[in-house]
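> Here is a sequence together with a model predicted from it:
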Amino acid sequence: MAAAYVAATILFTWPLAWHVRTHLPAASAPSTRDDTLLLAWVLSWDVHQLLREPMHLFDANIFYPLRHTLAYSEALVSEALLLLPLAPLTPDPALLHNTTLLLSFVLGSVGAFLLIRHVTGDRLAAFLGGLIFAFAPYRFWQIDRLHALCVHWTPYLFLALDGYLERGGPRRAALLAGAFVLQALASVYVAYASAILVSVFLLGWLAMGVGAPGTHGRVLTTAGVLAAAAGVVAAVYAPYAVVRSEMAFARDPLQVVVHSVVPAELGRAAATLPRYLAAKLTTGQRGAGTLGLVGTVLSCVGVCAGGRKGRLYGALALVALLFSFGPVVLLPWGNGRWVSGPYRLFHAYLPGFTALREPRRWTGMVVACGSLAAGLGTAALLGSIRPSRLRLLLGGALAALVVLEVGWRPLALDAAPVPGERAPVYRVLAAAPESGAVVELPIGAEREEAVATYRAAYHLRPLLNGYSSFRPTTADLRRRLRRFPSRRTIALVRRLGVRFVVYDTQRPGARSLRALARRVERADPSARLRATAGGAALIELQPVAAVLPTTRASELPRSKWHVRASAGDAQPAVDGNVATHWSVAVDPDAGGGWYEVDLGERTTFDLLRIELGAHYGEYPRAWRVRARDGGREWIVATRRHAAAPLVSYRVDARRVIVDLPLPPTTASALRIEVPPLREPSRPPPFDLAADHRQWNRWGIHELRLYSRNPRPRS
């Protein structure tokens, strides 16, 4: 049976198997192309790190010097475990990505077959259920988004759950725990969805009277087994919590609404059913659906005639559908009326749930659970037919309809961005014995950064570039390094630990190779051109040790200070304890509030230091300092786009420091404020789309004043 599913996978995804090392599924949108490159790199990094330093899996080599950067996206841990035998063939991100994609079809279909056969004993129905599970139109609609397809462990989880509830025993408990861990480590979204759906399954098992009466008492021990498995998953995913705290990370609630399924879409799908079928028949259209017409009809049969377990899996599909609507369910009638969905409750109270921005991804669980209900419906339908010939004919007809909904067009592919002509540059990077990071310049738009991330798999050195939906350094470094190779930019990358610069002379606005070499020599005589190939130049620098630059400044005493703030308790910022802090939310229209210090006497200062502790993400991206002396108030200094404290982070990620240089000033009070980022008559100080959605708060762990220059300006 597995061989049949393998053959079907190769056939329905052709010609992917033929181009498994050179191409990737074609993008349905520009952003999904970038996501595909990111996920290919994720798998390559996972395979590399799991075999070498598994305890540091999340310390990936992008967005250097930031830590735990694998937690900026899906980690795909359980998928990577399957790929470890391919490690000798790497680096080859396309191979790993495509192998995972093909395995998701095979594993999902085999798992659905095993579960449906276990419940019904009907091999033909189980085979058809496996086809529906693996080859539903949704999977081809989302085939360029591997992380949305990683639900292939779902039937194994419910098979283990069913087996333990029915028979118990330590061996089945271990299988259940292992299945849950594999399922949850496939994706953070899948982890939350699985925990919720398994809870619904257990409640349904009790409420619907599924299973023998003696099995109901085993629900509590099942919950205990799953809780232990969830503890393992939480330990693996701990870096996600560290990143959320360190980066002050939170999703814009509007993103969650935008990326939700609108119930009216279901009505439109039903209304366009004739067009959908015509496209399948005449053009062999791929995707363009979720469970498919055949799967939907058979799942309804499963709910009606598939027994209690058919109704249970139908209920799970319905719950997943409700969660896909997001926190606000827009009613298909009544001019924008809405009601709160169950998603909103979990979004408000379940830790970590706010980090999920795409409720649409619950559609994968709708398809998974709906396919299992469809398999049970198929068994009920075939079971009502006695003559074996008619039964086989009906089974064959259903299989033909499923295949028809797959579509007969060849799968569209795009060439993978392998180094190609630039391979010599990446070979030098991989083979160089010297330690040090890499930066690819000029830092470009999302596509260029996604390609740089993909190619990081070929050298595995720390890389300043990076791509993800969360990019905390990209916009800052793009601004600060746009004049490379000036003295200032070379000094910055050296202080960030960069040894190699890969400069693309073919990118629009880039310098020619001759001009680049001349400017590098003038800016840093110790730099040398290490290699050139395919329009890329590899420049070697001498990185600087991770130390903060010294400053000749005297710290001013804080004993007479009195502090207040626009919101919250201001005292933690001056209590001498870097573990406590004051923070406030940032709004692009209203600004980010203020923090004020009454110095107690006229004081001369010219440097303000903000200590951030381990909360790098709270540094002020824009700031303004006001001073007050007597009845006079004035603006001392302002920055519309302040530099990120990356050098300080590299020195000590748990004690990040931001220095705000000021002109020598004498005053009795000062106020630090984050001004509005949007002003009607001026462009925003930086790319709000890239920066602000990743800047939600700013704060102060400790505030200090220094005097470097005795000449005051009052």
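Thanks, I have the structure now.

> which residues in the stretch 501-650 of the chain form strands?
Secondary structure of the stretch 501-650 of the chain (DSSP state E, counting those that start in this stretch): strands at 528-533, 536-540, 554-555, 562-565, 582-585, 594-613, 623-629, 632-639.

> Against G224, how distant is P351?
20 Å (CB to CB, to the nearest Å). The C-beta positions use only the backbone N, C-alpha and C, and glycine is treated the same way.

> what do you get for A379?
32 Å.

> neighbouring contacts of the host helix or strand of V257?
Element membership of V257, judged by DSSP states H and E, is helix 253-258. Applying CB atoms under 8 Å, 6 or more residues apart in numbering, the contact partners of helix 253-258 are 326-328, 343, 347, 356-359, 693.

> For that helix, the averaged confidence score.
Averaged over helix 253-258, pLDDT sits at 80.

> Buried residues of it, list them for me.
Using 16 or more other CB atoms under 10 Å as the test for burial, helix 253-258 gives 256-257.

> Tell me where the longest helix sits in this structure.
helix 93-120 (DSSP state H).

> Distance from that one to the middle of the chain?
Taking CA atoms, centre = their mean, to the nearest Å, one finds the center of helix 93-120 at 23 Å from the center of the full chain.

> Show me the strands in the stretch 251-400 of the chain, by range?
Using DSSP E, counting those that start in this stretch, strands in the stretch 251-400 of the chain cover 328-330, 338-340.

> what's the residue closest to the geometric middle of this protein?
S73 (2.4 Å; CA atoms, centre = their mean).

> Need the distance between the two termini of stretch 407-427.
Chord length of stretch 407-427, first to last residue, is 41 Å (CA to CA, to the nearest Å).

> What's the separation between the closest residue to P327 other than its chain neighbours and S78?
Spatial nearest neighbour of P327, chain neighbours left out: R344 (3.6 Å); criterion: CB to CB, 6 or more residues apart in numbering. Remark: distance between R344 and S78 (CB to CB) = 29 Å.

> The two: who's more crowded?
S78 (20 against 17; other CB atoms under 10 Å).

> thinking that one is in contact with W153, fair?
Yes - S78 is within contact range of W153, at 6.8 Å (criterion: CB atoms under 8 Å).

> which neighbours do those two share?
182-183, 186.

> so which of those is the most crowded?
Q183 (28 neighbours).

> so how far is Y189 from it?
Counting by CB to CB, the gap from Q183 to Y189 is 11 Å.

> likewise Y619?
29 Å.

> any weak-confidence spans in the stretch 401-550 of the chain?
549-550 (pLDDT under 70).

> So, low pLDDT: which residues of the stretch 551-700 of the chain?
Residues of the stretch 551-700 of the chain that meet the cut-off, pLDDT under 70, sit at 551, 679-694.

> for it, what spans make up the helices?
646-651, 688-691 (DSSP state H, counting those that start in this stretch).

> which residues does L381 contact?
By CB under 8 Å, 6+ apart, the neighbours of L381 are 298, 301, 305, 394.

> mind running it again at 7 Å?
Taking CB atoms under 7 Å, 6 or more residues apart in numbering, we find L381 in contact with V301.

> just the one 4 residues further on next, same as before
I385 is in contact with 391, 394, counting by CB under 7 Å, 6+ apart.

> Touching stretch 514-533 from outside, list them.
Under CB under 7 Å, 6+ apart, the answer for stretch 514-533 is 421-422, 424-425, 428, 485-487, 490, 503, 505, 511, 513, 537-542.

> Now which of those would you call buried?
Judged by 16+ other CB under 10 Å, buried ones among the contacts of stretch 514-533: 422, 425, 428, 485, 490, 503, 505, 511, 513, 537-541.

> picking that back up, and the angle from the helix or strand just after the longest helix of the chain to helix 93-120?
Next helix or strand after helix 93-120 toward the C-terminus (DSSP H and E): helix 123-135. Taking axes from the mean of the first three to the mean of the last three CA atoms, to 10 degrees, helix 123-135 and helix 93-120 form an angle of 150 degrees between their directions.

> Looking at the strands of the stretch 251-400 of the chain, spot the one closest to W698.
Ranking the strands of the stretch 251-400 of the chain by proximity to W698 (CB to CB) places strand 328-330 first, at 28.7 Å.

> List the contacts of the closest one.
Taking CB under 7 Å, 6+ apart as the rule, strand 328-330 contacts 257, 262-263, 336, 338-341.

> Over to stretch 335-353?
192, 240-241, 322-323, 325-331, 354, 359.

> Settle it for me: which of A379 and G224 has more neighbours?
Neighbours per residue (other CB under 10 Å) separate A379 from G224, with A379 holding more: 29 against 11.

> would you turn the strands of the stretch 251-400 of the chain into a markdown table with distance to I610 and mean pLDDT?
As requested, the strands of the stretch 251-400 of the chain are arranged in a markdown table below (distance: least, CB to CB, whole Å; pLDDT from 0 to 100):
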| stretch | distance to I610 | mean pLDDT |
| --- | --- | --- |
| strand 328-330 | 37 | 83 |
| strand 338-340 | 39 | 81 |
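
> just those: most buried one?
A comparison of the strands of the stretch 251-400 of the chain by mean neighbour count, using mean count of other CB atoms under 10 Å, puts strand 328-330 on top with a mean of 18.

> Show me what that strand pairs with in its sheet, parallel or antiparallel.
strand 338-340 (antiparallel) (DSSP bridges).

> How far away from the center of its chain is the partner strand?
That offset, for strand 338-340, works out to 27 Å (CA atoms, centre = their mean).

> One more: stretch 361-378?
25 Å.

> now swap in stretch 629-638 and tell me
44 Å.

> rewinding a little: let's have the strands of the stretch 251-400 of the chain in TSV, adding distance to S31.
Converted to TSV, these look like this (distance: least, CB to CB, whole Å):
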stretch	distance to S31
strand 328-330	23
strand 338-340	27
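
> From N98, how far out is H68?
From H68 to N98 the distance is 27 Å (CB to CB).

> Repeat that for F201.
33 Å.

> next one: V198
Counting by CB to CB - V198 and N98 are separated by 30 Å.

> Compare those two and say which one has the larger neighbour count.
Each of V198 and N98 has its neighbours counted (other CB under 10 Å); N98 has more, 26 against 22.

> and the more buried one, what is it in contact with?
16, 20, 24.

> Ramachandran angles for V578?
The phi and psi values for V578, taken as degrees, to the nearest 10, are phi -70, psi -10.

> That one: neighbouring residues, count only.
Neighbours of V578 using other CB under 10 Å come to 15.

> Enumerate every residue touching the closest residue to Y240 other than its chain neighbours.
Leaving aside its chain neighbours, Y240 sits nearest to A71 (4.6 Å; criterion: CB to CB, 6+ apart). Contact analysis of A71 by CB under 7 Å, 6+ apart lists 58, 239-240, 243.

> Swap in 8 Å and give it another go.
Counted by CB under 8 Å, 6+ apart, A71 has contacts 58, 237, 239-240, 242-243.

> Kindly give a single ChimeraX line that selects the buried subset of the residues you listed.
Buried members of the contacts of A71, defined by 16+ other CB under 10 Å, are picked up in ChimeraX with:
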select :58,237,239,240,243
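
> May I see the contacts of A71 organised as a markdown table, with pLDDT added?
Formatted as a markdown table, the contacts of A71 follow (pLDDT from 0 to 100):
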| residue | pLDDT |
| --- | --- |
| F58 | 97 |
| Y237 | 96 |
| P239 | 95 |
| Y240 | 94 |
| V242 | 93 |
| V243 | 91 |
